[in-house]
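J.: structure for the following, please:
(one chain, ligands or ions: 1)
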Amino acid sequence: MKRRQFIKAAGLGMAASAIAAPAIAQSMPEIKWRMTTSWPKSLDTLYGAAEMTARFINEATDGRFQIQVFAGGEIVPGLQVVDAVQNGTVECGHTASYYYFGKDPTFAFGTSVAFGPNARLNQGWWTLGGGKEVLNEFYKKYNCTAFLAGNTGCQMGGWFRKEINSLDDLKGLKMRIGGFPGRVLQKLGAVPQQIAAGDIYPALEKGTIDAAEWVGPYDDEKLGFFKVAPNYYYPGWWEGGSMLHLFVNNDKLNALPKNYQAILEQAGHYANTWCMAKYDQQNPAALKRLLANGVRLRGFSPAIMEACFKSAKDLHAEIAASNASFKKVYDSMTGYTTDGYAWFQVAELGYDSFMIRHARG
Ligand code: CA
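T.: All right, here's what the predicted structure looks like:
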């Protein structure tokens, strides 16, 4: 009797494992997506972060979830990534959300606003400080969810044909500046231009624009700006630590098995770490090469920095007064950043100041 029961139980066990196999296969379906990006392939930092996200997903699913990555302009222009994701032209896209501030300035916070958080604080705000929640609630209107997938660190202030010595020098200045922060310069009389990476150099060379900012030494060197505009200003006060995101169409995201959704989020986190490391690894040597090529490194004067700070605060307050989404995200980010800097001024700043003094020799 006992033996018969045992055989019966074993038989049931075998049957159970036999029907479990298709269930496992179901959780690992073969899926092929397309990812459009805002980047030319030559930028192995930004385009590299997009590729790294896709590669992580491919390897973590043993090749069953594949995402083909496209440069800006291959499927849609580089500044129309969110549109393409929203309308389902592609399943996902890697971009800087502030390019879409024309739809709603709330998009700016996903990348950076003027005098916003540095890279560490942006990452902390997004991951644990409520940033992810408030922005993804806003992105629902566009049928998208954003996953953190890159950071540039603090950017440079860009390349200027002529020196900027006073606020008067900003008046009428035609400058390529990424996204929403151009509005801050506009209040001070400059004429901001939104131009995708691949089109900036010809505009600067022809003199269609007087100045251009992109990211920092490594990317900027590749784009060749130093050949036509020798004054290289710092800091890029409009991008203290710009985030990049993978935008995913919500219908496509919700159709994924939960394990693929988890892998996708972790792929973005890996790309975020990788991207910041790539910039930190490449920028020091690139800056040395640029200086050896005759580039003139210049800091924005304290008077210009203070005027820009005031312009930014005024602009943000004006928009917050009439845009509830903007106000909600702005309050979340500002509270986090204020607390963060109160702490950073103690250990981080003390340590960095000491180390930088000694690194100079
Ligand atoms: Ca920039």
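J.: so who does the closest residue to the ion within the stretch 101-250 of the chain touch?
T.: Going by CB to the ion, the ion is nearest to residue 178 of the stretch 101-250 of the chain, at 4.1 Å. All C-beta spots, glycine's among them, are computed from the backbone N, C-alpha and C. By CB atoms under 8 Å, 6 or more residues apart in numbering, the residues touching residue 178 are 96, 98, 99, 111, 194, 213, 214, 238, 239.
J.: go again using 10 Å as the cut-off
T.: Listed by CB atoms under 10 Å, 6 or more residues apart in numbering, the contact partners of residue 178 are 38, 79, 96, 98-99, 101, 111-112, 155, 158, 192, 194-197, 212-215, 236, 238-239, 242.
J.: can you select the buried ones among these for me in PyMOL?
T.: Of the contacts of residue 178, the buried ones can be selected in PyMOL as follows, counting by 16 or more other CB atoms under 10 Å:
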select buried, resi 38+79+96+98+99+101+111+112+155+158+192+195+196+197+212+213+214+215+236+238+239+242
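J.: and the contacts of residue 178 near the ion, which?
T.: 155, 213, 239 (CB under 5 Å from the ion).
J.: tell me which element the closest residue to the ion within the stretch 251-361 of the chain falls in.
T.: As assessed by CB to the ion, the ion sits closest to residue 279 within the stretch 251-361 of the chain, at 12.3 Å. Per DSSP states H and E, residue 279 falls inside helix 258-292.
J.: next SSE downstream of that helix?
T.: Beyond helix 258-292 toward the C-terminal end (DSSP H and E), the next one is strand 296-299.
J.: ok, which stretches of this structure are strands?
T.: In the chain, the strands defined using DSSP state E lie at 31-37, 65-70, 92-95, 144-151, 158-160, 174-176, 191-193, 211-212, 231-234, 243-249, 296-299.
J.: out of those, which is closest to residue 336?
T.: strand 243-249 (13.3 Å; CB to CB).
J.: show me what the closest one is packed against.
T.: strand 31-37, helix 46-60, helix 81-86, strand 92-95, helix 119-127, helix 131-139, strand 144-151, helix 258-292 (3 or more CB pairs under 10 Å, 6 or more residues apart in numbering; DSSP states H and E).
J.: show me what the third one is packed against.
T.: So the one you mean is helix 81-86. Counting by 3+ CB pairs under 10 Å, 6+ apart, helix 81-86 packs on strand 31-37, strand 92-95, helix 131-139, strand 144-151, strand 243-249, helix 250-254.
J.: what are the pairing partners of the fifth one, and which direction each?
T.: Pointing back at strand 243-249 there. strand 92-95 (antiparallel), strand 144-151 (antiparallel) (DSSP bridges).
J.: need the residues of the stretch 51-200 of the chain near the ion, please.
T.: Residues of the stretch 51-200 of the chain lying near the ion (CB under 5 Å from the ion): 155, 178.
J.: repeat that for 8 Å
T.: Taking CB under 8 Å from the ion as the criterion, the neighbours of the ion within the stretch 51-200 of the chain are 152, 155, 158, 177, 178, 179.
J.: isn't the first one right next to residue 276, touching?
T.: Translated: residue 152. Yes. At 7.9 Å, residue 152 counts as touching residue 276 under the criterion of CB atoms under 10 Å.
J.: so which of these two has more stuff around it?
T.: More crowded of residue 152 and residue 276, by other CB atoms under 10 Å: residue 152, with 30 against 20.
J.: for that one, what are its contacts?
T.: Contacts of residue 152 (CB under 10 Å, 6+ apart): 45-46, 49, 96, 111-112, 119, 214-216, 218-219, 236, 239-244, 275-276, 278-279, 283.
J.: and with 7 Å instead?
T.: 215, 216, 239, 242, 279 (CB atoms under 7 Å, 6 or more residues apart in numbering).
J.: same thing with residue 292?
T.: With CB under 7 Å, 6+ apart, residue 292 has no contacts at all.
J.: use 22 as the first number from now on
T.: Taking 22 as the first residue, the last one we looked at is residue 313.
J.: how close does it get to residue 120?
T.: 33 Å (CB to CB, to the nearest Å).
J.: rewinding a little: just send the strands paired with strand 264-270 back as JSON lines, with mean pLDDT and mean neighbour count too.
T.: Shown next, in JSON lines, are the strands paired with strand 264-270 (pLDDT from 0 to 100; neighbours: other CB atoms under 10 Å):
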{"stretch": "strand 113-116", "mean pLDDT": "98", "mean neighbour count": "30"}
{"stretch": "strand 165-172", "mean pLDDT": "98", "mean neighbour count": "25"}
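J.: residue 78 is nearest to which of these?
T.: The nearest among the strands paired with strand 264-270, by CB to CB, is strand 113-116 at 10.1 Å.
J.: what does the closest one contact?
T.: 54, 56-59, 70-71, 74, 88, 102-103, 105-106, 170, 265-270.
J.: can we see that at 6 Å?
T.: With CB atoms under 6 Å, 6 or more residues apart in numbering as the test, strand 113-116 has contacts from 56, 57, 58, 59, 71, 102, 106, 267, 268, 269.
J.: what of stretch 331-339?
T.: 135, 136, 204, 205, 208, 209, 351.
J.: buried ones in that stretch?
T.: 332, 333, 336, 337.
J.: ditto for stretch 88-103
T.: Buried, per 16+ other CB under 10 Å, within stretch 88-103: 88, 90-94, 96-97, 99-103.
J.: pLDDT and distance to residue 346 added to the residues you listed, as a markdown table?
T.: As requested, the buried residues of stretch 88-103 are exported to a markdown table (pLDDT from 0 to 100; distance: CB to CB, whole Å):
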| residue | pLDDT | distance to residue 346 |
| --- | --- | --- |
| 88 | 98 | 29 |
| 90 | 98 | 30 |
| 91 | 98 | 30 |
| 92 | 98 | 31 |
| 93 | 96 | 27 |
| 94 | 96 | 30 |
| 96 | 98 | 28 |
| 97 | 97 | 25 |
| 99 | 94 | 25 |
| 100 | 93 | 21 |
| 101 | 97 | 21 |
| 102 | 98 | 20 |
| 103 | 98 | 15 |
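J.: sounds good, over and out.
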